[in-house]
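J.: need a 3D model of the sequence below.
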Amino acid sequence: QVQLVESGGGLVQAGGSLRLSCAASGRTFTGYNMGWFRQAPGKEREFVAAITRSGFGKYYEDSVKGRFTISRDNAKNTVYLQMNSLKPEDTAVYYCAARVGISKDATDYDYWGQGTQVTVSS
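T.: Numbering: from 1, shown residues only. The predicted structure follows:
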C-alpha cells in the first residue's frame with residue numbers, strides 16, 4: 001500500500017502561482033511513477049502531468065505545458081506540481097496518484113490521495 005497526502009492548494013488570482021505537494025508513505029516511493037490529475041465540478045477527472053520513477057521522464061497535458069512543472073524528490077518521498085500563470089479554467093480538485101507503470105489514464109493508477117482544492121479567480 002502507498003498512502004498519498006496532497007497539500008498546497010488554495011485561492012489565487014489569475015496569473016498567480018501555487019505549488020502542490022504530495023507526500024508518500026508506505027512502500028518504496030522510487031518504485032512508483034507519479035501523476036497529477038484534476039477534476040472540476042461536473043467534469044471527468046483529467047490528466048495533468050506525470051513523472052517517471054527516476055524523475056527524468058515528464059509528461060504534460062497540452063493546456064498546462066509551459067505553465068506547470070512536475071518534479072519529485074525521492075529523498076523526501078514527495079512529488080510536486082509547480083503551477084504558474086494560473087487561469088480560472090485551472091480551478092479543480094487536484095489529486096496525486098501512483099502506479100508502477102507510466103500512464104496518462106486515471107483508471108490505470110492504483111493509489112490516490114484525497115485531493116486538494118485549487119481555485120483561480122478572474
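
J.: contact partners for residue 15?
T.: Contacts of residue 15 were listed using Cβ atoms under 8 Å, 6 or more residues apart in numbering, and they are 85, 86. All C-beta spots, glycine's among them, are computed from the backbone N, C-alpha and C.

J.: which SSE is it in?
T.: Secondary-structure element containing residue 15, defined by DSSP states H and E: none, the residue being outside all helices and strands.

J.: any idea how far residue 87 is from it?
T.: Counting by Cβ to Cβ, to the nearest Å, the separation of residue 15 from residue 87 is 8 Å.

J.: what's the closest non-adjacent residue to residue 94?
T.: Closest residue in space to residue 94, ignoring its immediate chain neighbours: residue 38 at 4.8 Å, by Cβ to Cβ, 6 or more residues apart in numbering.

J.: I meant residue 19, not that one.
T.: The shortest distance from residue 19 to any residue other than its chain neighbours is 5.0 Å, reached at residue 82 (Cβ to Cβ, 6+ apart).

J.: report the contact partners of the residue nearest to residue 94.
T.: 45, 46, 48, 90, 92, 93, 94, 95, 118.

J.: so among these, which ones count as buried?
T.: In those, burial by neighbour count holds for 45, 48, 90, 92, 93, 94, 95, 118, counting by 16 or more other Cβ atoms under 10 Å.

J.: closest one of these to residue 71?
T.: Here the nearest of the buried ones among the contacts of residue 38 to residue 71, counting by Cβ to Cβ, is residue 48; it sits at 13.4 Å.

J.: now do the strands in this protein.
T.: Chain-ordered strands for the chain, with DSSP state E as the definition, fall at 2-7, 10-13, 18-26, 33-39, 46-51, 58-60, 68-73, 78-83, 92-99, 111-112, 116-121.

J.: if I look at residue 109, how far off is residue 35?
T.: Looking at residue 109 against residue 35, where the rule is Cβ to Cβ, the gap reads 6 Å.

J.: who touches both of those two?
T.: In the contact map built from Cβ under 8 Å, 6+ apart, the residues linked to both residue 109 and residue 35 are 97, 98, 99, 103.

J.: and the two most separated of the residues you listed?
T.: Of all pairs drawn from the shared contacts of residue 109 and residue 35, the greatest distance, 10.9 Å, lies between 98 and 103 (Cβ to Cβ).
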